[in-house]
Each structure stands twice: as structure tokens, then as C-alpha cells.
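Peer 1: Here is the input, now give the coordinates:
(chains A and B)
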Amino acid sequence: MAESAVRIEGLRKRFGEIVAVDDLSLQAQPGEIFGLVGSDGAGKTTTLRLLCGLLKPDAGTMAVAGVDVLREPEQARGRLGYLPQSFGLHDDLSIAENIRYFADLFCQEMSEVAERRDELLAATGLAEFTDRLAGDLSGGMKQKAALICALIHRPEVLLLDEPTRGVDPVSRRDLWRIVYGLPAEGVTVIVATPDADEAERCSRLAVLAGGAIADLGTAQELIARHTSRLVEVSVADQPRARGALRELPGVAAISSLGESLRVSLTVDGPSADELAQVLREREIAIGGATEVEPRLVDALLLLEARAARDGDA
Amino acid sequence: MAMHEAAVVVHDLTKRFGSFVAVDRISFSIERGEVFGFLGPNGAGKSTTIRMLSGLLLPSEGTATVAGADVAREAEELRRRIGYMPQLFSLYSDLTVEENLQFYGGLYGLGPSTLSGRMAQLQELLGLGEVLGRLTSTLSTGWRQRAALACAIVHEPPVVFLDEPTSGVDQSARQQFWDLIADLAADGTTVLVTTHLMEEAERCTRLGMISRGKIIAMDSPHALMAGLDGLIFVAEVERPLEALQALAGQPWVRDSALSGSRVRVRVADGTADVEGQLRAVLDSAGIAVERVRETRPSLEDVFVALVGDAGEGEAA
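Peer 2: Numbers count the residues shown, from 1 in each chain, chains lettered A, B, ... in the order given. Modelled structure (predicted):
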């Protein structure tokens, strides 16, 4: 079998009394777009920082493209690109100057990286804006420029921490289109995100909770494993409706969705008609109740709720 | 609760910066108790509109009233009637949640007895009891956002502005936050949200989409999704990345995106035999197709379609 692009074994990191990463093991295969999804404090960002050598683990081993991160940190760093949540583009430098700066950091000669730069500028649609100061770029363009800087030294593994935060949906699709092109160039991508919308775009996911893996699989597998049935109830008086439904056996979670409530049900839970009946009996006016297809967000909500319960126990 | 009572009325509102028209004669109204989401690409005019509605910028032309206060002529009154929660809220990190609430209450001129009554209400409404005594710097993002909301509504404003309030917040905390918003709205508070996150947008009762300073769509999330121009198909395929590349170049494919191992495409209404065409393209690229089916549009599909068809990429 081919060498994993990223291999983490028995990783632990503690900050004082807080265990940020707790005996974490995972492997990402070459060409995967691998998502680390989980709540605040689940260990996503810490794992990325450990991988790129910004933090030292308390225990465990990590390898990137076959290079041991702890024993050969310089080698490993050259194989990695890292786009943290707030990437340090220099606002008073132009896009072109920023690219040159990051190429220098990785000891690349500009003559060697010129071709790579032009490819990336073309892929991001930034070719005509290279003289623009980074500080004058909109959110989406800034993220694209940052992505170029993280990719300029042809890393084999790219780490992205919430790459499309604050970016509108059109620019988000543009950014993801660039990310989707990376596996074909042999780049493996690790994406950390709390958003189901973002996680859904990864080819495989590790759901983290309390620094450990709560589950692992494709979005479709996670949905199949952790959700059973979902009903959307169109209702104006949501607080009362939530109160009434929460007590019912078989109701796993309820969330407000505009004019409707989204109700997660267990396999043996009530039907859409039965939910509607309960609300009508309480004289809560409803517009309708229909069964809908579960999404990743529903699976994550149930997984997070379970992890929180296990954490309390 | 009095229905059909306008909380926000905007008429021909315009803002120019030099020769640039940031907001171009927009008109709409928002009823009391609505959770209204304002969407649009970066630079489309969302923030400029919100700044005018919150009295921070004067309109070049047109009128707007918020909770009965004219935004151009009654700025003081306006400020008392609105709450504002920016994306990175200025909670004082070296103060406890309780001290932050006292501080914001003081800013809005609440007397000690009013304030203590209001704090008790907020504690109950937002479930803040267990974190009142904690420094805000030690709170998780979810709790911090809840505390920030409490500060924004400490003076019981009839209208609240939220800017991407659960960005970077995990699913459970997001759900809890939005349940609170639904409760506030049910009590008659009008909520205006600006966001890029479709997971937030779908929790609004109505959405207005702005592009190049103009409103290009306004309706409930369900109606917007039902009214999408085109059909959405998903194909479960063996090599999704290659499938995406193969499909993106097809003239009959309007948009394409990936969702895990599924390729998602939008085609024009009335496109004949989408499944057959999809299979033919993927077949000739040597990509095995497991299943093709039509699916419900998402809000992202709607956003991309509307903004894309309006001919706007990101404002450069």
C-alpha cells in the first residue's frame, strides 16, 4: 500500500489542565481532501499546528509525505503548506510581492517558482491584480492570494484552517474549485472546519470531539450512521412548538429553520403525521409536516450532542 | 403580538461614494417579529445598507425608518431603539459577563433597578446563569456569542442587527443561538442578519439578496429555493474530482460543485434527459456513475445562480 500522505499516531497535547488532543490517530491517503470537523475546542487547530511543527506534542508521532515531523522538522516543513485562520499576508505589499516573500521564506528562487506562480495566478483569476496591495483586497480575493502563497513551494500536503470564513458563496465555490484541482497535482489537503457546509465538500471526514475521533467516514456514511429520519414542520409559534415536541419519545434534536422546525427522529420515533397531530392537539397552528432528506449538519448535531453527554459522564 | 406592523421601512434608499453607487434606490419593509437575512457578495452594498439603517452613515437619497425612527433625522432616538452585534463583538475580555452587561446597560442609560431586573430576564432568556461570573476571555465561542447577544439587547431594543453571529461557532452552539433568536422574534423583536453563511441564512424567515447595490431577490428561504431558475442534479460517482472537471466544461451545465463523493450540477429548466447527458459525459471520461437523481436546491444553489446570472463575480 502507498505511504500515507499524513500519518498521526497516538498524538497528545495538553495545555495546562486542558487536554487539547487526546490520543489521536488518523491517516490521510495521497490525493484525499480530508476534513477535520468538530466544535470549538475539539482539537482541530491544535492538530494542524502540531502537524506543521508550530507546537510540540506531549506524546505520539506524525509523518507528512513519509517524513517524520519530530525527527526531521525542516524536511517536513518543506513538504507542507499551511493556511491558518488569519493568514499573514502583508497588507502593505502587493500580491506579487507577497508571493515573492513567501517563496523566499521557503528558499525558492523566483526563477524556479515563476511557472508555479503563473499557474496559481491563472487558477485563482488573480493574474490581472498582482500589483494590488493585499490590504485592498476583498475577503474572497485575499483568501485566494493567501492560498497561492501557501502553495508556491509545491507542498505535498496543504493544511487549511477554516479556509472560507467570511467569504461569500460564489467566492467560496471558486476557492473550492481550486482546492479540488490539487489532488490531481498530487497534493493532499487537510481542512479544519466547524461548518457542515464546508465539511460536506471533503472526500472523507474525521469528526473530532474532546481531542479524539468521534467518528470517521465520508459525509454520506456519517449521515447514514447518525441520522435516521427528519421532519420539517412549518410553524409560526416556534418556542411553544419546540416545547411540545421536545418531550416526545423518539425526538432526538430540534432546530429552528426560518419558518420551520427541523426535527431529528430516532428510527422508532413518531411519523410526520403524528408530530403534526401532537401540535394540533396543543392548538399550535402548523403549515405542514414533511419528511426530508437528512444532511451532514443533522449528523454532526447528533454526534456533538452524544460527545457532550459522554464528556459529562 | 400585532402582526403586519412594519419595523423597518426603506424607500428608494441610495448611497453614493463619489461616483460609485454603493446602494441604488432600494425599497423594502420588514415586519415586526421577522428574522430577516441580508445576503450578497462582498462589496454588494450589504454593509453600507446596514450602516445607514443603524444611523452610522447618512443616506444620499431616499428614506428609512427603523422602529419608527427616521435614520437621517432621529439618530439619537434610533440608537436607543436598535441593538447591534458586530461579527467580532467588543466584549471586554478582562471583564466578566456580568460586568460587560452592566457596562452596556450603563451606556444605554439603564438605572440600577432597571438593569438588575433586565439582567435577571436575560439570564433566564439566554441561560447565562452558569457563565455570569466568568471572564469573557475564558468562554467558548458559543458562550461568547450568547453573551454578546445579551449585551446587544440589554436595553430591550425592538430591532436587533446581527453580523454573521455564528461564524466559527460549532453546530450545537449555532443551533442554540438561533433557537434564542427564534424566541426573541416570537416575542416581537425584529432581527436583521447579514451573513455569507447559508447555514445562517436558512434560519431566517425571509431573505433579501443584494447585488451591485440593488435587491435582486426577496422571499422566504423555501420560496427562493422553490423558485430557483434551473434544476439541481446530483451524481454519485467513482472519481468525483475528475467528474467535476469533465462536467464543468459542458455548455448545458450552468454551475457545478462537489459535495463529498457527489457532483452537484445546475441545468436550465426544461433541459432534456439530464441523467442521460450526465452519464454520457462521465462515461466517455471513463468515470463510473453509481446513481443520478434530481434533488432539492440548496440556498447556496440559489445564491450562486442569482448572483452568477446577475453577471457579478466578486467586486474586484
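Peer 1: Every contact and neighbour count from this point should use C-alpha atoms.
Peer 2: Noted.
Peer 1: Near chain A, which residues of the stretch 101-250 of chain B are found?
Peer 2: Residues of the stretch 101-250 of chain B lying close to chain A (Cα under 8 Å from any Cα of the partner chain) are B:140-142, B:167-172, B:175-176, B:178-179, B:182-183, B:186, B:196-199, B:202-206, B:221, B:241.
Peer 1: one more time with 7 Å, if that's ok
Peer 2: Residues of the stretch 101-250 of chain B lying near chain A by Cα under 7 Å from any Cα of the partner chain: B:140-141, B:168-172, B:175, B:178-179, B:182-183, B:186, B:196, B:202-205, B:241.
Peer 1: Quick check on those: which are buried?
Peer 2: B:141, B:168-172, B:175, B:178-179, B:182-183, B:186, B:196, B:202-205, B:241 (16 or more other Cα atoms under 10 Å in any protein chain shown).
Peer 1: for the helix or strand harbouring residue B:103, which positions count as buried?
Peer 2: Here residue B:103 sits within helix B:97-107, counting by DSSP states H and E. Residues of helix B:97-107 classed as buried: B:97, B:98, B:99, B:100, B:101, B:102, B:103, B:104, B:105 (neighbour count, 16+ other Cα under 10 Å).
Peer 1: And for the second one, nearest residue in space, chain neighbours not counted?
Peer 2: The shortest distance from residue B:98 to any residue other than its chain neighbours is 5.0 Å, reached at residue B:132 (Cα to Cα, 6 or more residues apart in numbering or on different chains).
Peer 1: Any regions of the chain where pLDDT drops low?
Peer 2: Defaulting to chain A. A:1-2, A:311-313 (pLDDT under 70).
Peer 1: if you could check chain B rather than the one you did, that'd help
Peer 2: B:1-4, B:88-89, B:309-316.
Peer 1: which residues sit in contact with residue B:253?
Peer 2: For residue B:253, the contact set (Cα atoms under 7 Å, 6 or more residues apart in numbering or on different chains) comprises B:247, B:265, B:266, B:267.
Peer 1: I meant to write residue B:195 there.
Peer 2: B:38, B:39, B:163, B:164, B:201.
Peer 1: Likewise for residue B:168?
Peer 2: Applying Cα under 7 Å, 6+ apart to residue B:168 gives the contacts residue A:194.
Peer 1: which residues touch stretch A:106-118?
Peer 2: A:78, A:100, A:103, A:152, A:153.
Peer 1: can you check stretch B:213-222 too?
Peer 2: Against stretch B:213-222 from outside (Cα under 7 Å, 6+ apart): B:21-24, B:26, B:44-45, B:202, B:205-210.
Peer 1: Which of those residues sits closest to residue A:70?
Peer 2: Residue A:70 lies nearest to residue B:202 out of the contacts of stretch B:213-222, by Cα to Cα, at 44.4 Å.
Peer 1: Wait, that closest one touches residue A:259, no?
Peer 2: No. Using Cα atoms under 7 Å, residue B:202 makes no contact with residue A:259, being 9.3 Å away.
Peer 1: can you give me the strands for the chain?
Peer 2: Went with chain A since none was named. When assigned using DSSP state E, the strands of chain A occupy the ranges A:6-15, A:18-28, A:33-38, A:59-64, A:67-68, A:80-83, A:157-161, A:188-193, A:204-209, A:212-217, A:229-235, A:251-257, A:260-265, A:286-292.
Peer 1: Actually, chain B is the one I wanted.
Peer 2: Going by DSSP E, chain B shows strands at B:6-17, B:20-31, B:35-39, B:61-66, B:69-70, B:82-85, B:159-163, B:190-194, B:206-211, B:214-219, B:231-237, B:253-259, B:262-267, B:289-295.
Peer 1: tell me the most buried of the ones you listed?
Peer 2: Ranked by mean neighbour count under mean count of other Cα atoms under 10 Å in any protein chain shown, the strands of chain B are led by strand B:35-39, which reaches a mean of 27.
Peer 1: Tell me the residues of the stretch 1-150 of chain A that contact chain B?
Peer 2: Within reach of chain B by Cα under 7 Å from any Cα, the stretch 1-150 of chain A has these residues: A:38, A:39, A:40, A:138.
Peer 1: quick one: which of those is nearest residue B:282?
Peer 2: Taking Cα to Cα as the measure, residue B:282 sits nearest to residue A:38 out of the residues of the stretch 1-150 of chain A next to chain B, at 34.0 Å.
Peer 1: Just put the strands of chain A in CSV and tack on mean neighbour count.
Peer 2: Output for those, formatted as CSV (neighbours: other Cα atoms under 10 Å in any protein chain shown):
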stretch, mean neighbour count
strand A:6-15, 19
strand A:18-28, 19
strand A:33-38, 28
strand A:59-64, 20
strand A:67-68, 18
strand A:80-83, 23
strand A:157-161, 26
strand A:188-193, 26
strand A:204-209, 26
strand A:212-217, 18
strand A:229-235, 23
strand A:251-257, 22
strand A:260-265, 24
strand A:286-292, 16
